[in-house]
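>>> coords please:
(one chain, ligands or ions: 2)
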Amino acid sequence: MARTGIIKRWRSNMDVLDDTVYTDMLNTLSEGSVRRHFNPYIDIDWDAPEFAVTPNDERWILPGTDPLGRHPWYQAQAVERQIEIGMWRQANVAKVGLHFELVLIRGLMDYAFWTPNGSPEYRYCLHEAAEECNHTMMFQEMVNRIGVDVPGMPRLLRWSQPVVPLMAGPLPIPFWFGILAGEEPIDHTQKNVLREGKQLHPIMERVMAIHVAEEARHISFAHEYLRKRVPHLSRGKRFLLSMFVPVMMRVLCSAIMVPPREFWKEFDIPRSVRKEVFFNSPESRQMLRDMFGDVRMLCHDTGLINPLAKIVWRICKIDGKPSRYRSEPQRQHVSAVA
Ligand SMILES: [Fe+2]
Ligand SMILES: [Fe+2]
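Ligands and ions are numbered 1, 2, ... in the order given. Here you go, the predicted structure:
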């Protein structure tokens, strides 16, 4: 009997038609996907001469918003070396991004499989998956053009990722928090680079602009999905979730931001530099905190902040004020870079 109770609850959680505010929001997002979308092979002219990847192109030097890019060790390297490191790092971030997206696409399919007929969530999940498919092609094309054989995610995550999408059906709430843990840092970093205004390689600039434009919808959906469900969880489940969310944010954010072991070996970068950059220096700590302002706001508004959770957020070094609204610019960080 208990089992049918669980299944009934799980199924009724997927019934969203009685919530008109939520279904209207989903329809708006889906219509947005139809109106404004990109195709990596139409909207990027890969073979245009200005998109060519040529040796010694200083536009690959890491920007000041990159924690390694602003480190004195990096800035003291010869220009060719800075370019080489910059190309490797930017290619690897693209590769990690596409690794995350491949996990997300599989999870979206798993979730959509169980949605009832007529659910607007089905349509939106499929729009999002189609966009992510385009992103993965765009990122892989960029990696191929840069021409460095980067590994992407750290090895442990590469081997453990097959189980993650399996969560999306039975445990969609932790799954969606995991997706936010991947999307928020990438989106935050890309927006900061674009705001900084440094001259970037056109491939990098175009890919990031397309990604930021589409990612806004994906992040909106994850937030609204969670806002609808989390407040109705039992106290016990909410408590467990409140412990789990900050840990997940920190672990996945590090997987994206910190280059894998291969990188440090390849360029023979001193351990002390690595420690300082990720994340011992005051600037990199601030950057880490800034990335999660929106997630802190979400947790605040859905009852996932309690005295113990606050301690976990602090231990994970991602505590701080919640944003007042989504994508609120983190002025402190932007001005520190300027
Ligand atoms: Fe994406
Ligand atoms: Fe996305």
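>>> quick check, pLDDT for whichever residue of the chain sits closest to ligand 2.
Closest residue of the chain to ligand 2, Cβ to the ion: residue 218 (3.5 Å). Quick note: C-beta positions are derived from backbone N, CA and C, even for glycine. In this model, residue 218 is scored at 95, pLDDT.
>>> got the CA coordinates for stretch 35-48 in PDB?
The C-alpha trace of stretch 35-48 is given here as PDB (Å, rounded to 0.1, in the frame of the first residue of the first chain):
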ATOM      1  CA  ARG A  35      10.800  32.800 -31.500                       C
ATOM      2  CA  ARG A  36      14.400  33.100 -30.500                       C
ATOM      3  CA  HIS A  37      16.800  30.200 -31.000                       C
ATOM      4  CA  PHE A  38      20.100  29.500 -32.700                       C
ATOM      5  CA  ASN A  39      21.600  26.900 -34.900                       C
ATOM      6  CA  PRO A  40      25.400  26.500 -34.500                       C
ATOM      7  CA  TYR A  41      25.900  25.900 -38.200                       C
ATOM      8  CA  ILE A  42      23.700  28.800 -39.400                       C
ATOM      9  CA  ASP A  43      24.300  31.400 -36.800                       C
ATOM     10  CA  ILE A  44      28.100  30.900 -36.700                       C
ATOM     11  CA  ASP A  45      30.000  31.300 -39.800                       C
ATOM     12  CA  TRP A  46      32.800  28.900 -38.800                       C
ATOM     13  CA  ASP A  47      34.600  29.200 -42.100                       C
ATOM     14  CA  ALA A  48      34.700  33.000 -42.300                       C
END
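>>> can you give me every residue that contacts the closest residue to residue 323 other than its chain neighbours?
Ranked by Cβ to Cβ, 6 or more residues apart in numbering and with sequence neighbours excluded, the top spatial neighbour of residue 323 is residue 293, at 3.8 Å. Contacts for residue 293 (Cβ atoms under 8 Å, 6 or more residues apart in numbering) come out as 320, 321, 322, 323, 328, 330.
>>> hmm, back to that, against residue 246, how distant is the residue of the chain closest to ligand 2?
21 Å (Cβ to Cβ, to the nearest Å).
>>> ok, these two, which is more surrounded?
Legend: neighbour count by other Cβ atoms under 10 Å for residue 218 and residue 246, higher for residue 246 (28 against 23).
>>> which helix or which strand is home to that one?
Assigned by DSSP states H and E, residue 246 belongs to helix 235-257.
>>> show me the contact partners of that helix.
Residues outside helix 235-257 that contact it (Cβ under 8 Å, 6+ apart) are 67, 93, 96-97, 100, 153-154, 157, 173-174, 177-178, 180-182, 184-186, 189, 230, 233, 278, 288, 291-292, 295, 299, 303-306, 308-309, 312-313, 316-318.
>>> ok, of the contacts of residue 293, which come out buried?
With burial judged by 16 or more other Cβ atoms under 10 Å, the buried subset of the contacts of residue 293 is 320, 322, 323, 330.
>>> nearest spatial neighbour of the last one, chain-adjacent residues omitted?
When you say that, I think you mean residue 330. The nearest residue in space to residue 330 (Cβ to Cβ, 6+ apart) is residue 290, at 3.9 Å.
>>> what's the burial count for the one you found?
Around residue 290 there are 21 residues (other Cβ under 10 Å).
>>> and for the one 4 residues further on?
As a burial measure, the neighbour count of residue 294 was computed by other Cβ under 10 Å and equals 20.
>>> surely it touches residue 324?
No: in this structure residue 294 lies outside contact range of residue 324 using Cβ atoms under 8 Å: 10.2 Å.
>>> follow-up on the earlier one: which non-adjacent residue is nearest the residue of the chain closest to ligand 2?
Nearest to residue 218 is residue 128, by Cβ to Cβ, 6+ apart, at 5.6 Å.
>>> tell me the mean pLDDT for the one helix or strand the one you found maps to?
Using DSSP H and E, residue 128 falls within helix 120-146. Taken as a whole, helix 120-146 has an average pLDDT of 97.
>>> how about the residue of the chain closest to ligand 2, secondary structure?
Put simply, residue 218 is helix when judged by DSSP: H, G, I helix; E, B strand; the rest coil.
>>> list the contacts of it.
128, 131, 132, 179, 183.
>>> what is the burial count for the closest residue in space to the second one that isn't next to it in sequence?
Nearest in space to residue 131, with sequence neighbours left out and distances taken as Cβ to Cβ, 6+ apart, is residue 214 at 5.0 Å. If you count neighbours by other Cβ under 10 Å, residue 214 ends up with 19.
>>> again with residue 192
21.
>>> that one against residue 67, yeah?
No: using Cβ under 8 Å, residue 192 is not in contact with residue 67; the gap is 10.8 Å.
>>> thinking again about what came up before, and the residue nearest to residue 131, what helix or strand is that in?
helix 202-229.
>>> list the buried residues of that helix.
Those would be 203-204, 206-208, 210-211, 214-226, 228, for helix 202-229 by 16+ other Cβ under 10 Å.
>>> give the buried residues for the strand or helix carrying residue 179.
Using DSSP H and E, residue 179 falls within helix 172-196. For helix 172-196, a neighbour-count test (16+ other Cβ under 10 Å) marks 172-194, 196 as buried.
>>> get me the contact residues on this protein for ligand 2.
Residues of the chain found near ligand 2 (Cβ under 5 Å from the ion) are 215, 218.
>>> for the chain, which helix is longest?
helix 79-114 (DSSP state H).
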